[in-house]
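Peer 1: got a predicted structure plus its sequence, pasted below:
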There are 2 protein chains.
Amino acid sequence: MRERDVLKLLSERLPIGDDCAVIPFHKRNLLLTTDMLHRRTDFPEGMKPYAMGWRAVAASLSDIAAMGGEPLGVVMALGAPEFEKSFIEELLAGALAVCNLCKTQLLGGDTDRHDELTIVTTALGWAERPVGRRGAQPNDLVCVTGDLGRSAAALKLLAEGESEQAHELFCFVPRLAEGQALSAFVSSMMDISDGLARSLYQLGEASDVGFRIDATAIPFALEIEELARDQDELLEMGLHFGEDFELLFTLPQKHLVEARRCCEFTVIGQVVPKEKEITMQLGGEWIALEDRGYEH
Amino acid sequence: MRERDVLKLLSERLPIGDDCAVIPFHKRNLLLTTDMLHRRTDFPEGMKPYAMGWRAVAASLSDIAAMGGEPLGVVMALGAPEFEKSFIEELLAGALAVCNLCKTQLLGGDTDRHDELTIVTTALGWAERPVGRRGAQPNDLVCVTGDLGRSAAALKLLAEGESEQAHELFCFVPRLAEGQALSAFVSSMMDISDGLARSLYQLGEASDVGFRIDATAIPFALEIEELARDQDELLEMGLHFGEDFELLFTLPQKHLVEARRCCEFTVIGQVVPKEKEITMQLGGEWIALEDRGYEH
């Protein structure tokens, strides 16, 4: 089975479908999310241990953000082929730095000797009203925070030896403040960890809607506009590569002004009734957006 | 560095030291714990996928039990070399069965393609008064639930082709009911995942006390009494092999009668002021218990 099919099988057995599990607890909602990252697909050669620790924690905090939640703490399981002191210390420094930035704590974890470097982080959070993926309605606006393609750019820069610039891009800021502020207004939300294209298909499936996207409105990162050889590569890096961890959300039009006041984002399209494919306007033409993204 | 040294390094940076992290939340205490299990050290050849799923979840629930907590939910990250449908389904059935037994839910997770089968489970729980490892006092009684050596016996039975009997032993019951009932009386508690010997040293270090243990009182599992070739092997299987997931706790003598009413356990010794080594009475002699156990 492909990872996608495994997830489908799991979704038949488990109450999954959003970025976090929601656990009612004494009239509040706890949020719990776990992410597995490992050497081959998540930690390319040359990535600093600091960035590994940062990204592992930040990926889980991004899931809390995607539900409009506030983090309560993070635990980490670390499997490594050898426990070299400087490596562990740098990795831990990156993990602690992003916790500090997000006003939360790394609370503990587990270690294990493992042939392939593997980091599993679990974040706990809470939200008064958790935002899921199921509420998008036709005519809502489709929006994203930040700009897209930063991780794709970082990987390319790393390959070109520009490791400092890559490092900056790898250490992304989880959109917790934005997620919490937006949670009062949005009809659905998720993070773009699998790339915009795949994420749109996931959101559309959960909400049973379609989308019309305006390619010229998509906020591509300056770095990929510089690095991409041509438009095809730009779209690949910005729409399909993934690992961007920006928020994708749908917003009833009546809330646009209020939402604008609470954080920066870009409107990239509109929700429409369910269609067979998600379409994107590019150079005057409507093309089908491929349902293809990052499979970890 | 050895795993033990890594944990020491982490403990200097993180607020760790108990079986779970404790997170105060609206006048209550949330408990969070994560465990990494993988093929080489945790899933021997011949172990059924059902037992793998069961044990991965049960190990984390055992940590909740060790703090006297009640589980709120579990998430699981699964890395596997290939996602064969029957394998995933059996593994999931084991995970769901132990959740069901413990009146909690498997809430979701993450999957990843991974050369070595790796399961990381995280359990969330809560407790009115979480029990840690720091409260043992001289003259308290040292006690354990259940019997010791069941996982060691299971491994040996598996090697001898007795896979059904091994399977029964592998699917252990997390001591949640016992942990919750005992939490009102005990002065310190932890689970024996690293073996009784190592766990006693950990408890002694956390509480700054020593222990005198009576070997004849230790409740060794019938299976290891049958399987062990001699006394040395019996002690190895019962004291050092680990993966037993029983509760080790210290109990002020005045609470013995009340504690006896709420669950079954065995008194195996007494807390004494800190000594260089933990000693054990065996055949009329006091011997030093080796600080050696399961390193995962």
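Peer 2: Good, I have the coordinates. Residues are numbered from 1 along each chain as shown, chains lettered A, B, ... in the order given.
Peer 1: ok, which stretches of the stretch 151-296 of chain A are strands?
Peer 2: For the stretch 151-296 of chain A, strands defined by DSSP state E, counting those that start in this stretch occupy the ranges A:188-191, A:209-214, A:247-251, A:266-273, A:279-282, A:285-288.
Peer 1: ok, the second one: who's next to it in the sheet?
Peer 2: Counting by DSSP bridges, the strands paired with strand A:209-214 are strand A:266-273 (antiparallel), strand A:279-282 (parallel).
Peer 1: again, but for the first one
Peer 2: Here the strand partners of strand A:188-191, with direction, are listed using DSSP bridges: strand A:247-251 (antiparallel).
Peer 1: can you tell me which residues in the stretch 51-200 of chain A are near chain B?
Peer 2: Taking C-beta under 8 Å from any C-beta of the partner chain as the contact definition, the stretch 51-200 of chain A meets chain B at A:72-73, A:75-79, A:83-85, A:88-89, A:92, A:96, A:105-116, A:118, A:120, A:122, A:124, A:126. (C-beta placed from N, C-alpha, C; glycine too.)
Peer 1: can you do 7 Å?
Peer 2: A:72-73, A:75, A:77, A:79, A:83, A:85, A:88, A:92, A:96, A:106-116, A:118, A:120, A:122, A:124 (C-beta under 7 Å from any C-beta of the partner chain).
Peer 1: so how do I select the buried members of those residues in ChimeraX?
Peer 2: In ChimeraX, this line selects whichever of those come out buried by 16 or more other C-beta atoms under 10 Å in any protein chain shown:
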select /A:72,73,75,77,79,83,88,92,96,106,107,108,109,110,111,112,113,114,116,118,120,122,124
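Peer 1: so which of the residues of the stretch 51-200 of chain A next to chain B are in strands?
Peer 2: With DSSP state E as the criterion, strands contain A:72-73, A:75, A:77, A:79, A:106-113, A:118, A:120, A:122, A:124 from among those.
Peer 1: quick one: contacts for A:Leu30?
Peer 2: Going by C-beta atoms under 7 Å, 6 or more residues apart in numbering or on different chains, A:Leu30 touches A:Ile23, A:Leu124, A:Trp126, B:Leu72, B:Leu124.
Peer 1: next: A:Tyr294.
Peer 2: The contact partners of A:Tyr294, by C-beta under 7 Å, 6+ apart, come to A:Asp194, A:Gly195, A:Arg198, A:Phe241, A:Gly242, A:Glu243.
Peer 1: the fourth one reaches A:Ala152, doesn't it?
Peer 2: Think A:Phe241. Yes. Counting by C-beta atoms under 7 Å, A:Ala152 is a contact partner of A:Phe241 at 3.8 Å.
Peer 1: these two: which is more packed in?
Peer 2: Taking other C-beta atoms under 10 Å in any protein chain shown, A:Phe241 and A:Ala152 do not tie; A:Ala152 has more neighbours (29 against 24).
Peer 1: return the distance of A:Ile268 relative to A:Leu248.
Peer 2: 9 Å (C-beta to C-beta, to the nearest Å).
Peer 1: joint contacts of those two?
Peer 2: A:Val144.
Peer 1: the two: who's more crowded?
Peer 2: Ranked by neighbour count (other C-beta under 10 Å), A:Ile268 and A:Leu248 place A:Leu248 first, with 26 against 23.
Peer 1: got a list of what A:Gly269 touches?
Peer 2: Per C-beta under 7 Å, 6+ apart, neighbours of A:Gly269: A:Val142, A:Phe211, A:Arg212, A:Ile213, A:Asp214.
Peer 1: what sits closest to the fourth one if chain neighbours are left out?
Peer 2: Nearest residue to A:Ile213, sequence neighbours excluded (C-beta to C-beta, 6 or more residues apart in numbering or on different chains): A:Gly269, at 3.8 Å.
Peer 1: residues contacting whatever residue of the stretch 51-200 of chain A ends up closest to chain B?
Peer 2: Chain B sits closest to A:Leu107 of the stretch 51-200 of chain A, with a gap of 3.5 Å, by C-beta to the nearest C-beta. Counting by C-beta under 7 Å, 6+ apart, A:Leu107 touches A:Gly73, A:Val74, A:Val75, B:Leu14, B:Pro15, B:Ala21, B:Ile23, B:Leu32.
Peer 1: sorry, back to before: the contacts of A:Tyr294 in helices, which ones?
Peer 2: A:Arg198 (DSSP state H).
Peer 1: before we move on, back to that, now, of the contacts of A:Leu107, which are buried?
Peer 2: A:Gly73, A:Val74, A:Val75, B:Leu14, B:Ala21, B:Ile23, B:Leu32.
Peer 1: please name the bridge partners of the second one.
Peer 2: With DSSP bridges applied, the residues forming beta bridges to A:Val74 are A:Leu106, A:Ala123.
Peer 1: surely it and A:Ile119 touch.
Peer 2: No. Using C-beta under 7 Å, A:Val74 is not in contact with A:Ile119; the gap is 11.4 Å.
Peer 1: picking up where we left off before, pLDDT and distance to B:Pro174 added to the contacts of A:Leu30, as TSV?
Peer 2: Formatted as TSV, the contacts of A:Leu30 follow (pLDDT from 0 to 100; distance: C-beta to C-beta, whole Å):
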residue	pLDDT	distance to B:Pro174
A:Ile23	95	19
A:Leu124	98	20
A:Trp126	97	25
B:Leu72	98	14
B:Leu124	98	14
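Peer 1: what number of residues are in the vicinity of the residue nearest to A:Gly108 when sequence neighbours are not counted?
Peer 2: Spatial nearest neighbour of A:Gly108, excluding adjacent residues (C-beta to C-beta, 6+ apart): B:Ile16 at 3.9 Å. Counted by other C-beta under 10 Å, the residues lying close to B:Ile16 total 17.
Peer 1: please, which helix or strand holds B:Ile16?
Peer 2: In this assignment (DSSP states H and E), B:Ile16 forms part of neither any helix nor any strand.
Peer 1: hmm, A:Thr97 is touching A:Trp54, no?
Peer 2: To be clear, residue A:97 is Ala; Thr isn't right here. Yes. In terms of C-beta under 7 Å, A:Ala97 counts as a neighbour of A:Trp54; the distance is 6.3 Å.
Peer 1: of the two, which one has the most company?
Peer 2: Using other C-beta under 10 Å as the criterion, A:Ala97 and A:Trp54 rank with A:Trp54 on top: 25 against 16.
Peer 1: which ones are touching A:Cys99?
Peer 2: Shown in contact with A:Cys99 (C-beta under 7 Å, 6+ apart): A:Val57, A:Val74, A:Gln105, A:Leu106.
Peer 1: which pLDDT value belongs to it?
Peer 2: Looking at A:Cys99, its pLDDT reads 98.
Peer 1: and it, what helix or strand is that in?
Peer 2: Using DSSP H and E, A:Cys99 sits within helix A:85-101.
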